[in-house]
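Student: Build the 3D model from these lines:
(2 chains)
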Amino acid sequence: MAVRGVSFYVRAGETFGLVGESGSGKTTTDMAILRLIRPPARVEGGEIILGDTDLQRCSEEELRSLRWNRISLIPQGAMNSLNPVMRVKDQIGDAILTHEGRLPGKVLRERIIDLLHTVGLSPDVYNLYPHELSGGMKQRVCIAMAIALRPQLIIADEPTSALDVVVQRLVAETLKDVQKRLNAGLILIGHDMGLQAQMADRIGVMYKGQFVEVGPVRAIFKNPVHPYTRLLISSIPSIKQKHQPPPAAAWEEIQQAGPQDEPGMQEVEPEHFVALSESIALGSAG
Amino acid sequence: MESLPDTPLLEMRSVSKIYGGGFLQKAGKVALKDFSLTLPMNKPRIVALAGESGSGKTTAARLALGLLEPTSGQILYKGVDLHRISRREALVFRREVQAIFQDPYEVYNPVYKVDHVFNVLVSRFRLAPDRAAARPLIADALRVVGLDADEVLGKYPHQLSGGQRQRIMVARAFLLKPRLIVADEPVSMVDASLRAAILSIMLKLKEEFGISFLYITHDLSTAYQYSDEIYILNRGEVVESGDSQAVIDNPIHPYTQLLIRSIPIPDPDLKWEGKLEIELENVPE
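Tutor: From the prediction side, this is the model:
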């Protein structure tokens, strides 16, 4: 089982950071939201509700119109998924035309240039091919495509992981900016805790396919309760102060402990939930 | 290699590396320009070469390892120019200067057990007369990186975690009792949580065994935590260098300042300030 018993919500205009190691179930969760899980994998139960729609009950047809229209995905390595023989205008245009049907050429052109402007790209990009763009520019084109239909929810899977640090900040701020304009919910998947601290309002920490802790970003960073979260937070290097990281043995110990059978999420402070078993006493908080 | 007492361990003197170019051709691509660096003989140091993609940091590492020949300038190990090194000296260099690369998986041959990476070294450098005699040496090297020989030896690479594979690479380098380890992005393929633990081994090897490091990285946070000295590279040139903490706490060159202002600080109370005064189109690639 890749993920189980995963529950969380994202409000309009809010950023929910989904963090965890590789293999912890982050990407499986976002694929489940989009119902892109392919057999033999399947979603066994639960509800995935967007506004007033239960995605689990939608027909394929309904889903197809939901994707892009109401939920959009910026997949991992999105910039490498651009079609190399299509100009930027055609890639973005395709996304619009597929969902909205025919549009007058002039209207479409204006809309694309407007989208490019929104993500901070000049109109010159309109006629270019992907290979003529830098990594950061390609990533912005992917963001432009994701917001072309003004979705309510954007899922971004490691949207800046392949970028150098300056470009990463520019792209991250672009994403934040377009999210604000649309008042869309954003699910930001990634293990860069620095980026999460900058962008997320709330964070969910996944471990072995389950949430171990969900809470406001400040609570997770300043007052982590679950042993896994505490280890994760204490391992992050910073340029602000020198600190002694936990030893590798601490990680191995926690990995051997394995997942709990039925972890109950308990609210330790407002909106701050922790999967607590009997062995993890509440007293360890703070 | 006998040398004078104040001879540096490694010295790179105005080293440049230019790819392509030549007679009647257009100018080549300058990968590294006029790069100088000195590692003292008897004072182990961790020196970070930091920069973005295309900054020349990996070129500098490969030059230091003798894997590339400089277009101009000199690289001396214990006072001997790598370009004019004798066969005997070359063997000493190959033993005393080790490398750890980004992707530990690539170094392993998937059909051999991990023991193989150690056995190859044991026979090439005649570290022990036979496998039985080599075993305690290998176990010792594994212990230094926090691994148990009984647990990891006899396994195939895919049966180990990424963190374990990379620590085995450190143990492999340590087995030869090197003076210098060139570590090129050693933790960028490792899960973020385990990075600190692996980099701490670097500190331990410096402090307990006197091994110096050239730590090649794009990540200024780990350079800040683990290195003594830092060189910030941009497009093949050093823009700023010095004590790591001093450079990062108080960057002087505009490029260093830009890098530092772009780092996402893992603290929700220290958000990115203001706007970067730079357009995406103008960011050096």
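
Student: Could I get the contacting residues of B:Ser221?
Tutor: A:Gly194, A:Pro237, A:Ser238, A:Ile239, B:Ile263 (CB atoms under 8 Å, 6 or more residues apart in numbering or on different chains). Backbone N, C-alpha and C define where each C-beta goes, glycine included.

Student: nearest residue to it other than its sequence neighbours?
Tutor: Once flanking residues are discounted, B:Ser221 sits nearest to A:Pro237: 4.1 Å by CB to CB, 6 or more residues apart in numbering or on different chains.

Student: hang on, the one you found packs against A:Gln244?
Tutor: No. Counting by CB atoms under 8 Å, A:Pro237 stays clear of A:Gln244, with 11.1 Å between them.

Student: The two: which has the busier surroundings?
Tutor: A count of neighbours by other CB atoms under 10 Å in any protein chain shown puts A:Pro237 above the other of A:Pro237 and A:Gln244, at 24 against 10.

Student: biggest separation within the contacts of B:Ser221, which pair?
Tutor: A:Pro237 and B:Ile263 (10.4 Å; CB to CB).

Student: and the nearest residue to A:Gly5 once chain neighbours are set aside, how many residues sit next to it?
Tutor: Leaving aside its sequence neighbours, A:Gly5 sits nearest to A:Gln210 (CB to CB, 6+ apart; 6.1 Å). Applying other CB under 10 Å, we find 21 residues neighbouring A:Gln210.

Student: swap in the one 4 residues further on?
Tutor: A count of neighbours around A:Val214, defined by other CB under 10 Å, yields 27.

Student: Beyond the helix or strand encompassing it, next helix or strand please.
Tutor: A:Val214 belongs to strand A:210-216 when elements are defined using DSSP states H and E. Following strand A:210-216 in sequence order, the next helix or strand is helix A:217-222 (DSSP H and E).

Student: ok, and for that next one, which residues are buried?
Tutor: A:Val217, A:Arg218, A:Ala219, A:Ile220, A:Phe221 (16 or more other CB atoms under 10 Å in any protein chain shown).

Student: which stretches of chain A aren't confidently modelled?
Tutor: Along chain A, segments meeting pLDDT under 70 span A:1-2, A:4, A:35-42, A:45, A:257-263, A:277-286.

Student: Same question for the stretch 151-285 of chain B.
Tutor: Checking the stretch 151-285 of chain B against pLDDT under 70 turns up B:279-285.

Student: B:Leu175 and B:Ala139 touch, don't they?
Tutor: No. Look at B:Leu175 against B:Ala139 with CB under 8 Å: they stay out of range, at 10.5 Å.

Student: Settle it for me: which of those two has more neighbours?
Tutor: More crowded of B:Leu175 and B:Ala139, by other CB under 10 Å: B:Leu175, with 22 against 17.

Student: Show me where the chain has its strands.
Tutor: Using chain A. Here chain A has its strands, by DSSP state E, at A:15-19, A:49-50, A:53-54, A:71-74, A:153-157, A:185-189, A:202-207, A:210-216, A:264-269, A:272-276.

Student: other chain: chain B
Tutor: All strands of chain B, identified by DSSP E, fall at B:10-19, B:29-39, B:46-51, B:72-77, B:80-81, B:97-100, B:180-184, B:212-217, B:229-234, B:237-243.

Student: Which other helices and strands does the strand holding A:Val214 contact?
Tutor: Packing contacts for strand A:210-216, counted by 3 or more CB pairs under 8 Å, 6 or more residues apart in numbering or on different chains; DSSP states H and E, involve strand A:202-207, helix A:227-234, strand A:264-269, strand A:272-276.

Student: at contact distance from chain B, anything in the longest one?
Tutor: Yes. Against chain B, helix A:227-234 shows contacts by CB under 8 Å from any CB of the partner chain at A:Leu231, A:Leu232.

Student: Report the buried residues of stretch A:90-103.
Tutor: Neighbour counts using 16+ other CB under 10 Å place A:Asp90, A:Gln91, A:Ile92, A:Gly93, A:Ala95, A:Ile96 of stretch A:90-103 among the buried residues.

Student: Does the fifth one touch A:Pro151 like I think?
Tutor: No. Counting by CB under 8 Å, A:Pro151 is not a contact partner of A:Ala95; they are 11.1 Å apart.

Student: so what's in contact with those two at the same time?
Tutor: A:Trp68.

Student: residues in contact with residue 50?
Tutor: Because you didn't say which chain, this covers chain A. Residues counted as contacts of A:Leu50 (CB under 8 Å, 6+ apart) are A:Leu66, A:Arg70, A:Ile71, A:Gln152, A:Leu153.

Student: look at chain B instead
Tutor: B:Ala50 sits in contact with B:Lys57, B:Thr217, B:His218, B:Asp219, B:Leu220, B:Ala223, B:Ile230, B:Tyr231, B:Ile232, B:Leu233, where contact means CB under 8 Å, 6+ apart.

Student: I'd like the distance between the nearest residue to it once chain neighbours are set aside and B:Ile201.
Tutor: Once flanking residues are discounted, B:Ala50 sits nearest to B:Ala223: 5.0 Å by CB to CB, 6+ apart. For B:Ala223, the distance to B:Ile201 equals 16 Å [CB to CB, to the nearest Å].

Student: Where do the helices of the stretch 1-150 of chain B begin and end?
Tutor: For the stretch 1-150 of chain B, helices defined by DSSP state H, counting those that start in this stretch occupy the ranges B:57-64, B:87-96, B:104-107, B:115-124, B:131-144, B:149-152.
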